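[1] How does the following fold in three dimensions:
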Amino acid sequence: MKLPEWTEQELLRRPAVLSLDEHKEGPRYVLLVTPLCGTCQAARRMLEIVAVMDPGLRLGLADINLCRELAGAWRIESVPCLVETRGGRVLRKRYRMEGVPALREWISAGGSP
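    As a prediction, this is how the structure comes out:
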């Protein structure tokens with residue numbers, strides 16, 4: 001399953017109040033990558049597997065080279081970076097991509113550091 005690619009505008013859009021639909025949908029997980037990063041490509045493959053295992057997840061990716069404002073606003077330190085957001089606000093970030101089980105556990109922990 002190929003992950004959808006989101007633009008900087010889509011990711012930075014922050015409504016003043018979350019709609020009922022956004023509350024129902026839950027958090028969004030964004031993998032920030034660069035095209036030539038081998039570790040980023042490995043992380044992408046792992047998250048594609050996670051997406052197949054849990055099709056209800058809102059999981060996608062963005063090229064950090066095309067998201068300069070977002071990188072500053074979200075204080076991204078390196079790539080790959082998996083970011084959990086809700087309503088345009090960062091809840092937490094993960095830089096270590098240890099494998100599918102670890103990523104599933106991190107995602108299912110939802111909101112705990």
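[2] List the buried residues in stretch 41-57.
    The neighbour-count check on stretch 41-57 (16 or more other CB atoms under 10 Å) flags A43, R44, M46, L47, E48, V50, A51, L57 as buried. Every C-beta, even on glycine, is put in place using the N, C-alpha and C of the backbone.
[3] ah, wrong one, I meant stretch 104-113
    Per 16+ other CB under 10 Å, stretch 104-113 contains these buried residues: R104, W106, I107.
[4] do the same with stretch 30-44
    V30, L31, L32, V33, C40, A43, R44.
[5] so what's S78 up against?
    Neighbour list for S78: Y95 [criterion: CB atoms under 8 Å, 6 or more residues apart in numbering].
[6] Is the residue sitting nearest the centre point of the chain within a helix or a strand, and which one?
    For the chain, the residue nearest the mean C-alpha position is V30 (1.5 Å; CA atoms, centre = their mean). Secondary structure assignment for V30, by DSSP states H and E: strand 28-33.
[7] pull the helix or strand with minimum mean pLDDT from this protein.
    helix 20-25 (a mean of 55; mean pLDDT, DSSP states H and E).
[8] could you point out the longest helix in the protein?
    helix 38-53 (DSSP state H).
[9] what's near enough to touch Y95?
    E77, S78, P80, C81, L82 are the contacts of Y95 under CB under 8 Å, 6+ apart.
[10] is the nearest residue to E5 once chain neighbours are set aside in a bridge, and if so with what?
    Nearest residue to E5 in three dimensions, chain neighbours excluded: L61, at 5.8 Å (CB to CB, 6 or more residues apart in numbering). Beta-bridge partners recorded for L61 (DSSP bridges): E5, L31.
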